[in-house]
Structure formats: structure tokens, C-alpha cells
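**Q** Predicted coordinates and the sequence they were generated for:
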Amino acid sequence: MFHTPVNPHILERLRERTEREACTLDDLLERFLNEPAGRQTTAVFGPPSFHEPTDQQIVESALLGSTEVYRSILDAVPYSIMIIDLTPGLPIVLMNPAGLEMLGYPNDGAPVRMSILDIVVKQQHAKLEERRLNLLAGESNPPAEFQLQRTDGSIIWVESKSVPVTLGGKTVGLLISKDVTSRRQAEQELRAVREQIQIAVRAANLGLWDWDLQTDRVFYSPEWKSQLGYDGDEVQDDLLAWEGLVHPDDRATAIERVRSYLAAPWLDYKSEFRMLHKDGSYRWILTQASLIYDDSGKPIRMLGAHIDITERKAAEQALKESEERFSKSFYNNPAAMQLADITTGERLAMNDRFYELFDYPTGDLLGTSVYTFNNMWLNPEEQKHMVELLVRDGVVRDFPADFRTASGQIKHLLVSSSLLKLRTHTAALISLVDLTERQRLEELRIEQGRLQANLKKEQEFNALIQKAVSELSHDLRIPLTVIGTTKDLLDRYFDRLDEEERREKLNTIEKQLHYVTQILNDMSLTVKGRLDQRTFQPTPVNLNVLCQVTLAEIQQTMKAKQTFRFVCDGQIEKALIDETLISRILLNLLSNAVKFSLADSEIRLELSQQVEWLVLRVVDQGIGIAEPDLSRIFEPFFRAETAETVVGTGLGLSIVKECVELHKGRISVESRVGQGTTFTVHLPLIRH
């Protein structure tokens with residue numbers, strides 16, 4: 001073992017220096033090898049021998065000449081130090097106390113005869129042999145990691161570096177090792193955590209990004225790029241790459257949110273915007289991020305994650321549209337509708353028909369309870385029974401009950417209800433129908449179906465016109481070409497042609513003109529014949545319903561993106577009109593409003609009664625008609641200058657005018673370019 005007769009204060013300072021400077025293996029070897037000759041030390045394993053000295057004994061003898069000071073240094077070094085005989089068996093000649101402690105051997109001076117092969121796991125013996133040959137060749141070995149077996153059978157990891165040294169004329173290996181088991185375990189745990197994070201990132205489809213605020217470089221993870229369909233080298237590592245992919249409509253807002261966050265950071269940064277996918281589509285992205293600060297509190301990095309929320313956005317949009325459809329159906333329903341919390345009875349919503357049925361001012365009952373405040377049920381036991389049925393079955397249909405209105409009138413109604421899961425409530429959706437009202441609604445439903453069927457026929461008529469005009473343009477092309485060519489010949493060669501040749505050319509033009517006239521007459525009979533031959537046939541028609549059915553049909557068939565609004569003064573229900581003529585008027589005026597209006601603009605259909613006239617008015621916010629074109633707008637085939645880029649036949653408004661005149665009415669138009677157009681139709685009110 002090592003003997004340490006050195007002043008203990010010197011030794012303690014040496015230990016502190018070693019720990020403070022955190023020597024590497026290279027540092028320790030350099031200090032060891034640079035010591036003056038004769039200051040090398042050893043602990044020899046095994047008893048002295050009186051036989052012929054072996055190579056190992058020669059090395060040991062050389063080591064015995066070392067000074068006590070250097071032996072004390074070896075005692076103080078916290079790393080394992082070994083002298084290895086470089087014969088194939090690799091016996092250990094010397095080991096310091098730190099090495100003994102690391103391997104679990106007692107430091108009691110007892111001889112320990114072993115080979116380095118006895119403590120290094122077998123899988124690494126080939127690696128030891130390679131390093132032994134390097135030492136024999138006079139070459140140092142770089143640091144490498146080995147697994148050693150302790151006396152208790154446990155395995156530890158060490159980092160070792162070895163250099164050749166000459167002792168007693170023989171080359172041996174000086175091996176310095178430090179225990180890195182804790183580091184290896186920490187690295188393994190870190191690796192496991194990273195793998196788990198990577199699995200979670202891939203499973204959640206998280207795209208990570210790291211923006212260095214000092215260099216302005218941005219790291220985008222492979223998942224970040226794959227979210228948008230890009231490979232690793234297709235997106236540059238800078239902020240401009242992100243800005244270029246953000247939807248133009250979202251870009252300014254997204255950039256401003258980043259700037260605002262950097263200027264005044266809040267707890268977490270969160271933003272939603274659309275980004276361009278490689279396939280040309282746009283994906284909705286939710287990004288969340290936080291800042292990392294330096295010691296002075298200055299932000300130096302911004303770390304964040306992208307989540308593709310396109311499906312969530314689509315679901316939200318679908319839910320929004322569903323809620324809008326429900327809202328329209330609820331508030332426009334001809335039956336009295338009420339929505340109430342099934343538990344508390346709180347009235348959440350009522351439509352206008354509900355207030356009308358029970359004689360209450362609109363909005364008066366909102367927030368009150370159906371169970372306590374203004375309970376309209378004449379018999380509360382009936383109400384209790386209906387609620388029990390609703391909770392049990394989820395739906396109740398045609399439950400008869402008596403109700404009292406605000407004016408004291410008793411009404412016998414049929415109640416239908418179903419449970420509805422809302423975001424924060426379980427509600428009862430209730431409809432109430434007066435028995436006489438129910439009969440009226442059934443008649444209304446039948447009338448609506450009949451009007452829809454007739455409207456389909458009128459749409460087919462419009463399609464016929466489109467087809468006829470299309471065929472007309474094709475059929476006229478050939479004769480008009482012949483006429484043009486013949487005229488051109490006459491213009492160029494008139495003086496060279498004799499009288500007979502000139503007459504022949506003129507006859508050709510005359511024949512083609514006759515052919516054109518015949519085509520136009522045939523088309524006129526096809527398209528206008530139905531109007532010219534039709535007599536005025538007024539019948540009682542629910543004009544209110546006809547207007548609403550036409551609006552719905554136009555919106556559906558033309559896939560209109562405008563907002564439609566129907567305004568009725570409530571004075572008109574059934575009127576004596578020619579249903580076919582009115583349908584043609586509405587279809588043509590409304591379809592024109594759709595074609596010549598921007599998406600998201602409003603198209604309004606108004607129905608009112610003015611003394612002895614029924615008034616229909618179609619108002620749009622479209623491209624408008626220039627003042628010089630207004631006087632000719634109802635002429636067949638006339639196309640206003642502002643309408644040149646929109647497909648059409650130029651016949652729609654002329655048909656409208658003929659239908660109005662057959663109805664003994666009049667039509668007028670007001671328009672301003674870029675502001676919209678209003679067509680007003682006055683029809684005489686025919687008494688029953």
C-alpha cells in the first residue's frame with residue numbers, strides 16, 4: 001500500500017486543489033509524466049521474491065525508488081491509477097487506494113494479484129488487446145469507456161486513458177480511470193426521457209421551433225415541417241420562412257402578436273393562424289411559446305410548438321353552422337318555440353311566435369322559470385307529468401294541455417318536446433301548436449311543397465332559354481361567316497367582277513340572311529311562345545310562402561354565398577296572382593342579384609301592400625348598372641356594360657317585363673355603379 005509520512009496540511013491542500021481544478025485524465029497524466037526522474041511511486045502487490053527477477057519484479061523494483069512525496073500525491077488523487085504489465089495477460093503491477101476503493105477491494109496492504117482482464121467485462125477484451133498493442137508501439141490511447149466488475153459483482157462504468165512509460169528499461173502502461181457510472185446513468189435516463197418526449201411529440205403531431213433572438217436563426221423540428229408537407233431542406237432556418245408560409249390575411253396579425261409579446265411578455269404566448277401546406281391548401285395552426293432569459297433578465301430565445309388544429313377548426317365551423325341553422329329554424333319556426341333548462345326551468349330562448357301566442361311583449365319572459373314565474377299551464381300536474389315523460393323517454397309528442405295567456409284567454413294546445421344537450425345545459429326544446437293553428441300549418445306545408453314543385457318547372461324553363469340561346473349562337477356562326485366573307489369579296493374586287501358575278505354574290509348574302517331570319521323565328525317560337533300564348537290565370541296563392549320558397553331555392557341551386565333577407569309587412573298572406581308569372585319574375589330578379597353581387601353582401605326581398613298594389617322589391621349591393629344602360633335594360637339580348645364579364649343571355653329582364661305586363665303591372669329600376677340595384681314590381685291587388 002501507499003505510505004504517506006507527509007505533513008497532513010500539505011496533503012489536504014493537495015486534495016482541495018485536485019477537486020477545485022477538476023483535473024481531467026489528460027491533466028493528471030501530464031502532471032505524472034512531467035515529474036522529475038526518480039519521483040515515481042508505487043504500491044507493490046505481493047511479497048518480495050529471492051528468485052531470479054521477473055519482468056514484473058523489475059518494474060516493481062524500479063517503482064520502489066520513488067519518494068514519499070509522490071506516493072502522497074497518488075494517495076490524494078481521487079482517480080484510479082494503475083501500472084499495467086503489457087504482456088498478453090495484462091497483470092496489474094500497481095493500483096492506488098482510489099482504484100481499490102472503486103473496485104471494492106480493501107486497502108489493508110494485503111497482496112492483490114490480478115489481471116486487468118479479471119475486472120473488465122469479456123465483451124471489451126478485444127478492445128483491451130488493441131490498446132495494449134498501441135502502448136507497446138509507443139502510442140498513447142485516447143480516453144475510452146469500459147465496464148468493470150466490482151468485488152460484489154456489480155458493474156461500473158469508467159473512463160480510462162493510458163500512455164506508455166518506461167520503468168527499469170521496460171515499457172509498461174500507465175492507466176488512469178475515473179468512475180462515470182452516475183454520468184452514464186444520468187445520460188441513459190436523459191436518453192429515455194428524450195425518447196419518451198419524441199414519442200409524445202410524434203404521437204401528438206407537435207411541431208417544435210426554437211428562435212435564437214440574438215442570431216435570428218430558427219430551428220424547425222422535422223415534425224414542424226412534416227405538418228406542412230415539407231422535407232428537412234425545403235424550409236430555411238429563419239423567421240422569414242415562417243412569415244412566408246403564413247396566410248396573407250393572417251400574416252400582419254400573427255407578426256404583430258409576436259412583436260407585442262416580445263415587447264411586453266405575458267405568461268404564455270398563444271396564437272392561431274393559417275399556414276400554406278406543400279399541396280397548396282392552408283392548415284390552421286395553434287402555436288404556444290415561452291421565453292428564455294439570460295442572467296440579466298434579457299430574453300435570448302423563444303421556444304414554442306405548433307399544433308395542426310385544422311380538423312378542430314372544421315369541427316368548430318360545422319358546429320357554428322349547425323348552431324346557426326338551429327337558430328334560424330328556431331326563431332323562424334311558424335310554431336311557438338321555447339328552450340328551457342330541464343333542471344331549473346330557466347327560459348333560455350323563445351321565438352316571436354311564442355310571445356304572440358301568449359300575448360307577452362317580446363323579451364319579457366327571458367331568464368324566468370317555467371316552473372314558478374308566470375307558469376302558463378292551467379294544470380301544473382299536467383306539466384309535472386309531461387316533464388317526467390320527457391326525462392324518462394327523451395321525447396314527448398302531441399301532449400294535449402290547457403294554457404292561460406297573459407290576457408287571461410284559455411288555449412288548448414298540443415305540446416311536443418325533446419331533450420337537447422347544450423354546452424352548459426340540458427334543455428327542453430318545446431314547441432306549442434294551437435289545434436286550429438296546426439291545421440293551418442299542415443295546409444301551409446302542403447302549399448309549400450306544391451310551390452316548390454312548380455318552381456322547379458320554372459327553373460327548367462329558364463334552363464331551356466339558356467340552351468336555346470347557346471344553340472342559336474352556334475347556328476348563326478356559319479351563315480354570318482359566309483355573309484362576312486362574301487361582303488369582303490365585294491368590297492375588295494367589286495370593280496373586277498362583272499354584273500353576273502356581283503349578282504351571284506349578293507344572292508348568296510340574301511340566302512344567308514333568310515337563313516338567319518328563319519333561325520331567329522324558330523328560337524322566338526321556342527322561347528317566347530309559352531309566354532305569348534299563355535293567358536293570365538290568377539289563383540289564390542300564399543305569396544309570403546312563395547317568396548320564402550324562391551329565396552331558399554335560389555340559395556341552394558346557385559350555392560349563393562350572399563346573405564338573404566326576406567322582409568314582409570305582414571299584411572299579405574294569400575293573394576290572387578298568376579303563380580307561374582310571379583315565379584318567373586322572382587327567379588330572374590333574384591338570380592341576377594346573385595350573379596352581380598359580391599359574396600357576403602346582402603340580397604333583400606321585400607313584400608308589402610300599398611293601397612291597391614302588391615309591391616315586390618329586390619335590392620342588392622352588387623356592381624350596379626350605368627345610367628346610359630338603364631333605358632335599354634329590359635330589351636331582349638341587351639347586356640349592360642357592367643355585365644360584360646358575367647355569363648348570361650340578356651333575356652332574363654325582358655321575360656320579367658313581359659310577365660309583369662301580363663299581370664297588368666309595372667316594373668322600375670334604380671341603380672348606381674358600385675353601389676347596387678333595386679328592381680321594384682307593382683302588381684294590381686285583385687280582390688276575391
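**A** The structure has been received and is ready for your questions.
**Q** so is the closest residue to L413 other than its chain neighbours in a helix, a strand, or just coil?
**A** In this structure, L413 finds its nearest non-sequential neighbour in L432, 4.8 Å apart by Cβ to Cβ, 6 or more residues apart in numbering. Yep, even glycine has a C-beta here, placed from its N, CA and C like the rest. Counting by DSSP: H, G, I helix; E, B strand; the rest coil, the backbone at L432 sits in strand.
**Q** count of residues packed around L432?
**A** Residue neighbour count, defined by other Cβ atoms under 10 Å, stands at 23 for L432.
**Q** likewise L590?
**A** Neighbours of L590 under the rule other Cβ under 10 Å: 24.
**Q** pretty sure it belongs to a helix, no?
**A** Yes: assignment of L590 by three-state DSSP places it within a helix.
**Q** Verify the contact between it and L605 for me.
**A** Yes: the criterion here is Cβ atoms under 8 Å, and L590 meets it with L605 at 6.9 Å.
**Q** Hmm, the residue nearest to L413 is touching M350, no?
**A** No: here L432 does not reach M350: they are 10.3 Å apart, not a contact under Cβ under 8 Å.
**Q** Run through the bridge partners of L614.
**A** Counting by DSSP bridges, L614 forms beta bridges with Q609, L683.
**Q** Which elements pack onto whichever strand or helix holds K328?
**A** Using DSSP states H and E, K328 maps to helix 310-331. On a contact count with 3 or more Cβ pairs under 8 Å, 6 or more residues apart in numbering; DSSP states H and E, helix 310-331 meets strand 282-293, strand 336-341.
**Q** what's the span of stretch 628-640, first residue to last?
**A** 9 Å (Cα to Cα, to the nearest Å).
**Q** tell me how far it is from the chain's mean position?
**A** 47 Å (Cα atoms, centre = their mean, to the nearest Å).
**Q** Please apply the same query to stretch 243-258.
**A** Computed by Cα atoms, centre = their mean, the chain-centroid distance of stretch 243-258 equals 15 Å.
**Q** Now the closest residue to S654 other than its chain neighbours: which helix or strand?
**A** Using Cβ to Cβ, 6+ apart and skipping the chain neighbours, the partner closest in space to S654 is P636 (4.3 Å). Taking DSSP H and E as the definition, one finds P636 inside no helix or strand.
**Q** thought P636 was touching L651?
**A** Yes: the pair P636 / L651 is scored as a contact, 5.8 Å apart, by Cβ under 8 Å.
**Q** what's the helix or strand hosting T680 packed up against?
**A** For T680, the enclosing helix or strand under DSSP H and E is strand 676-684. Counting contacts by 3+ Cβ pairs under 8 Å, 6+ apart, strand 676-684 packs against helix 579-595, strand 613-619, helix 652-662, strand 666-672.
**Q** Check the gap between T424 and F354 for me.
**A** Here T424 is placed at a distance of 22 Å from F354 (Cβ to Cβ, to the nearest Å).
**Q** neighbour count winner among these two?
**A** Per other Cβ under 10 Å, whichever of T424 and F354 has more neighbours is F354, with 23 against 7.
**Q** mind checking the SS state of that one?
**A** F354 is classified as helix under three-state DSSP.
**Q** Kindly state the pLDDT recorded for it?
**A** On pLDDT, F354 comes in at 90.
**Q** The one 3 residues further on too?
**A** As predicted, L357 sits at a pLDDT of 88.
**Q** Give me the distance between it and I155.
**A** 86 Å.
**Q** who's more crowded, those two?
**A** Neighbours were counted for L357 and for I155 using other Cβ under 10 Å; L357 has more, 21 against 10.
**Q** For the residue lying closest to that one once chain neighbours are set aside, name its beta-bridge partners.
**A** Distances taken as Cβ to Cβ, 6+ apart put A336 closest to L357, at 4.3 Å, once the chain neighbours are dropped. On the basis of DSSP bridges, A336 is bridged to L432.
**Q** Same question for the one 4 residues further on.
**A** When bridges are assigned using DSSP bridges, the partners listed for A340 are R347, A428.
**Q** same deal with I155?
**A** Listed by DSSP bridges, the beta-bridge partners for I155 are Q149.
**Q** same deal with the one 4 residues further on?
**A** With DSSP bridges applied, the residues forming beta bridges to E159 are E145, K178.
**Q** which residues touch it?
**A** Going by Cβ atoms under 8 Å, 6 or more residues apart in numbering, E159 touches 25, 143-145, 177-178, 180.
**Q** let's go with 7 Å and repeat that
**A** By Cβ atoms under 7 Å, 6 or more residues apart in numbering, the contact set of E159 is 25, 143, 145, 177-178, 180.
**Q** can I assume the residue nearest to L357 is in contact with L432?
**A** Yes: here A336 reaches L432: they are 4.4 Å apart, a contact under Cβ atoms under 7 Å.
**Q** Spell out which residues are contacts of both of these two.
**A** Residues touching both A336 and L432 (Cβ under 7 Å, 6+ apart) are L357.
**Q** Tell me the first helix or strand C-terminal of the helix or strand where E510 lies.
**A** Remark: E510 resides in helix 499-532, with elements defined by DSSP H and E. Downstream of helix 499-532, the first helix or strand assigned by DSSP H and E is strand 539-542.
**Q** Can you point out the buried residues in the helix or strand following that next one?
**A** Beyond strand 539-542 in the direction of the C-terminus, DSSP H and E gives the next helix or strand as helix 543-557. Residues 543-551, 553-555 are the ones in helix 543-557 that count as buried (16 or more other Cβ atoms under 10 Å).
**Q** just checking, what packs against the very next helix or strand once past helix 543-557?
**A** Scanning forward in sequence from helix 543-557 by DSSP H and E, the next helix or strand is strand 563-568. In terms of contacts (3 or more Cβ pairs under 7 Å, 6 or more residues apart in numbering; DSSP states H and E), strand 563-568 is packed against helix 543-557, strand 602-610.
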